[in-house]
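Enquirer: Predicted coordinates and the sequence they were generated for:
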Amino acid sequence: MAKPHKVKDLKGVLRSDFHWGYATAATQVEGGWNADDKGLSIWDTFAHTPRKVKDGSTPDDAVLSYYKYKEDVALMKSYGVTAYRFSLSWSRIIPLGGKDDPVNEAGLQYYENLIDELLENGITPFVTLFHWDTPQALEDRYGGMLNKEMYTPDFVNYARVCFERLGDRVKHWITYNEPGVYTLAGYAAGVHAPARSSNRKLNAEGDSSTEPFIVGHTELVSHAYAVQLYREMFQHQQKGMIGITLHGNYSEPWDSDDPLDQEAAERAREFEIAWYADPVYKTGDYPASMRAQLGDRLPHFTAEESKLTLGSSDFYGMNSYTTFFVRHLDTPPDINDHSGNIEKLDTNKQGVSRGPESDTYWLRTNPAGFRKLLNWIWKRYGIPIYITENGTTAKAETEPSEEVLNDTFRIEFFEGYIGAVARAVKEDGVDIRSYFAWTFTDNWEWAAGYTDRFGVTFVDFESKDKKRYPKKSATVIRELFQHMVKKE
Ligand code: GBH
C-alpha cells in the first residue's frame with residue numbers, strides 16, 4: 001500500500017459484511033443504444049442533438065459493456081470487489097416505457113445474464129432502477145416527470161417487472177439515482193436531458209422557477225409507490241432491501257465566524273440534500289427553509305403522499321464527491337435560485353482552497369468535508385448509510401502510459417476518502433455499510449462526453465473494442481478494503 005502508516009490503526013474497523021466495489025450507470029457504459037429492440041431514452045435524443053455534448057460524442061457504443069460484461073465481471077473480480085452497483089435501462093426493458101407497452105425479453109435477458117455472471121463470481125448486485133434515462137416515448141407522450149399522474153403508474157409498472165423477473169437474485173434495490181441532480185441539471189440549468197430551462201439561449205422550453213420542484217415531487221412520490229409495491233408484494237418472499245440514493249456535497253461557511261454564513265451553509269445543505277431526505281427520512285415534508293423561500297412553487301404533499309414517502313427507504317443511499325465554501329447573499333433570492341440564496345466559492349475568507357483540482361471543474365479533493373457530511377447525515381437521519389458513489393477525475397489522463405496508469409492523484413483521493421469512511425465509523429460511530437467507488441472504467445460522462453475520466457480502468461475510446469487498462473488505484477482500493485474490512 002502507498003502509505004500504510006496512515007491507515008494502520010484502521011485494521012478491521014469496517015463490518016465483516018461491508019459491501020465494496022464500483023458503481024456505473026447504463027447510459028454511461030452499455031452501448032448497444034438500439035440493439036435488440038432497445039427503445040430510445042432522453043439521453044439518446046440529447047446526445048444526438050448537435051452541440052449538447054462537449055466533445056460532440058454520443059453514448060451509442062459507450063464502453064460496450066452490453067457486449068463485454070463477462071470480461072468486465074472477470075476484471076472486477078480481479079480487483080477484489082464484493083459488490084457491483086449498476087443501473088437498468090428502462091427503455092431496454094420496456095422500449096416505450098408505459099404500463100400498457102410490451103416488455104422486451106432481450107433486454108431483460110441481458111440483465112439476467114449480467115446478474116448471473118456476478119453471482120457466479122461471488123459479487124453482490126446492487127441495482128438502480130433509474131439513473132436519468134427516461135424513455136423518450138414517455139417524454140413525448142405526456143412530458144415525462146412533469147406529469148405525476150401519468151408517470152407514476154408507468155414507473156411503478158416498470159419497477160414491478162424488474163422485481164418480478166430479477167428479484168429472486170437481486171437483494172439490494174435503489175429506485176432513483178440522485179433525483180436532485182436529474183431535476184436541477186435537466187430542468188433548472190437545462191444542461192442535461194431533457195434540456196429544459198428558462199434560459200432561451202440554451203433551451204426552447206422550460207421554466208427553471210417551477211419545473212425542477214414539480215419533477216422532484218414526481219420522483220419522490222413515484223419512488224414511494226414503487227417501494228410500497230415492493231414491500232407489499234415482494235419483500236416478504238424475496239427478502240431484499242430497497243431505498244433511494246441522494247447526491248450531496250458538503251457546504252462549509254465561507255466565514256466560519258459569521259452566523260449568516262453558518263446559516264447559509266446549513267441552508268445550502270437543506271436545499272441540496274434535505275429537499276429529498278427530509279420527506280423520506282424525517283418529516284414527510286420539505287424543509288421549512290425551502291418553503292420559506294419558494295412558497296407555493298414548491299409542491300405540497302397530499303396526506304397520502306406524505307405518509308407513503310416518510311420511511312420509504314430502508315437505508316440512506318449517499319453519493320458525494322466534494323465540498324464547497326458557501327457565503328450568504330444580502331440580496332433577495334432570484335426566482336431561479338435553487339441553492340438557498342448563497343454563493344459557492346473555491347476558497348474561504350482566509351484564502352484556504354477547498355482542495356486540489358481534479359480534471360472536472362466542480363470537483364476538488366476534500367476528505368475532511370466528506371467525513372463531516374457523513375456525520376451530518378447520520379445525526380439528522382440516523383439510518384444506516386450506504387455510500388453508493390464517490391470518486392474523481394485526474395488531470396492529463398490522455399493515453400494509457402505508465403505515468404497515467406500509476407494514477408497518484410486518484411490514489412490520494414481514495415486514500416483520503418476511504419480513510420474518512422473508516423474514521424467516521426471508528427471514531428464518530430457512524431453506521432456505514434457500503435462503499436462504491438465511481439467508477440469501474442472510464443466512460444461516457446453525460447454532457448462532458450468522453451472528456452472526463454473517472455475510471456480506475458483506463459479505456460482507449462479510439463480502439464474498436466474499447467480496450468481496458470487497469471490503473472493502480474484499483475489495486476490500492478483493494479488493499480485498503482482488505483485491510484479495513486473485518487475478517488469473519
Ligand atoms: C454523479 O453525479 C452521477 O451519478 C454519475 O452518473 C456521474 O458520472 C458522476 O457523478 C460523476 O460526475 O453546480 O458546479 O456544483 C454527480 C453529480 C455533478 C452534481 C456536478 C452536481 C453540478 C456542478 N454532480 N454537479 S456545480
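Expert: Right, received. Where do you want to start?
Enquirer: so which residue of the stretch 101-250 of the chain comes closest to the ligand?
Expert: Distances between the stretch 101-250 of the chain and the ligand by CB to the nearest ligand atom are smallest at Val181, namely 4.5 Å. Backbone N, C-alpha and C define where each C-beta goes, glycine included.
Enquirer: tally of neighbours for that residue?
Expert: For Val181, the neighbour count with other CB atoms under 10 Å is 17.
Enquirer: list the helices and strands the host helix or strand of it packs on?
Expert: Val181 belongs to helix 179-183 when assigned by DSSP states H and E. Contact partners of helix 179-183 among helices and strands, from 3 or more CB pairs under 8 Å, 6 or more residues apart in numbering; DSSP states H and E: helix 211-229, strand 241-247, helix 275-277.
Enquirer: So what's the predicted local confidence for Met76?
Expert: Confidence at Met76, expressed as pLDDT, is 98.
Enquirer: Now do the SS call for it.
Expert: helix (DSSP: H, G, I helix; E, B strand; the rest coil).
Enquirer: any idea how far it lies from Arg478?
Expert: From Met76 across to Arg478, the span is 11 Å (CB to CB, to the nearest Å).
Enquirer: what's the answer for Phe458, then?
Expert: Phe458 is 17 Å from Arg478, where distance means CB to CB.
Enquirer: Looking only at neighbour counts, state which of the two leads.
Expert: With neighbours defined as other CB under 10 Å, Phe458 and Arg478 compare such that Phe458 has more, 22 against 17.
Enquirer: The more buried one: which element?
Expert: strand 457-460.
Enquirer: Ok, Pro125 next?
Expert: Using DSSP H and E, Pro125 falls in strand 124-130.
Enquirer: List the contacts of the closest residue to Arg291 other than its chain neighbours.
Expert: Ranked by CB to CB, 6 or more residues apart in numbering and with sequence neighbours excluded, the top spatial neighbour of Arg291 is Leu298, at 6.0 Å. Taking CB atoms under 8 Å, 6 or more residues apart in numbering, we find Leu298 in contact with 213, 286, 290-291.
Enquirer: how much distance is there from the strand holding Pro125 to the middle of the chain?
Expert: Chain-centre distance of strand 124-130: 11 Å, with CA atoms, centre = their mean, to the nearest Å.
Enquirer: Can you name the residues of this protein that neighbour the ligand?
Expert: The chain comes close to the ligand at residues 25, 177-178, 181, 247, 319, 362, 389, 438, 445, 454, as judged by CB under 6 Å from any ligand atom.
Enquirer: ok, whichever residue of the chain sits closest to the ligand - how many residues close by?
Expert: Using CB to the nearest ligand atom, the single residue of the chain nearest to the ligand is Trp362, 3.8 Å away. Neighbour count of Trp362, defined by other CB under 10 Å: 11.
Enquirer: Break down the stretch 301-450 of the chain into its helices, ranges please.
Expert: Remark: helices assigned in the stretch 301-450 of the chain by DSSP state H, counting those that start in this stretch are 303-309, 367-381, 402-405, 408-426.
Enquirer: right, so those helices: which one is the most enclosed?
Expert: helix 408-426 (a mean of 22; mean count of other CB atoms under 10 Å).
Enquirer: and that one, what does it pack onto?
Expert: For helix 408-426, the packing partners by 3+ CB pairs under 8 Å, 6+ apart come out as helix 4-7, helix 367-381, strand 432-437, helix 472-484.
Enquirer: Direction included, what does the helix or strand just after the shortest one pair up with?
Expert: Right, helix 4-7. Later in the chain than helix 4-7, the nearest helix or strand by DSSP H and E is strand 19-23. Strand pairing for strand 19-23, determined by DSSP bridges: strand 83-87 (parallel), strand 432-437 (parallel).
Enquirer: What are the contacting residues of strand 19-23?
Expert: 76, 79, 81-86, 123-124, 126, 172, 386, 388-389, 433-440, 456, 477, 481, 485.
Enquirer: and if you look at stretch 75-82?
Expert: Outside stretch 75-82, the residues that touch it by CB under 8 Å, 6+ apart are 18-22, 84, 121-124, 440, 456-457, 468, 470, 474-475, 477-478, 481-482.
Enquirer: Over to stretch 348-367?
Expert: So stretch 348-367 is in contact with 250, 252-256, 321-325, 345-347, 369, 392-397, 409, 412-413, 416-417, 419-420, 448, 452-453, going by CB under 8 Å, 6+ apart.
Enquirer: Please check the residues you listed and keep the buried ones.
Expert: Buried subset of these (neighbour count, 16 or more other CB atoms under 10 Å): 250, 252-255, 321-325, 369, 392-394, 397, 409, 412-413, 416-417, 419-420, 448, 452-453.
Enquirer: Was I right to think Ile174 contacts Gly243?
Expert: Yes. Taking CB atoms under 8 Å as the definition, Ile174 is a contact partner of Gly243 at 6.2 Å.
Enquirer: list the residues that contact both of the two?
Expert: Gly317.
Enquirer: what about the protein, any weak spots by pLDDT?
Expert: 1-4 (pLDDT under 70).
Enquirer: The closest residue to Val127 other than its chain neighbours: neighbouring residues, count only.
Expert: In space, and not counting its chain neighbours, Val127 is closest to Val170: 4.9 Å by CB to CB, 6+ apart. Val170: 22 surrounding residues under other CB under 10 Å.
Enquirer: SS state for Val170?
Expert: Per three-state DSSP, the local secondary structure of Val170 is coil.
Enquirer: Give the phi and psi angles for it, as a check.
Expert: phi -100, psi 120 (degrees, to the nearest 10).
Enquirer: check contacts around it.
Expert: Per CB under 8 Å, 6+ apart, neighbours of Val170: 115, 125, 127, 162, 240.
Enquirer: Turn these into TSV, including neighbour count.
Expert: Formatted as TSV, the contacts of Val170 follow (neighbours: other CB atoms under 10 Å):
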residue	neighbour count
Ile115	21
Pro125	22
Val127	23
Cys162	23
Gly240	18
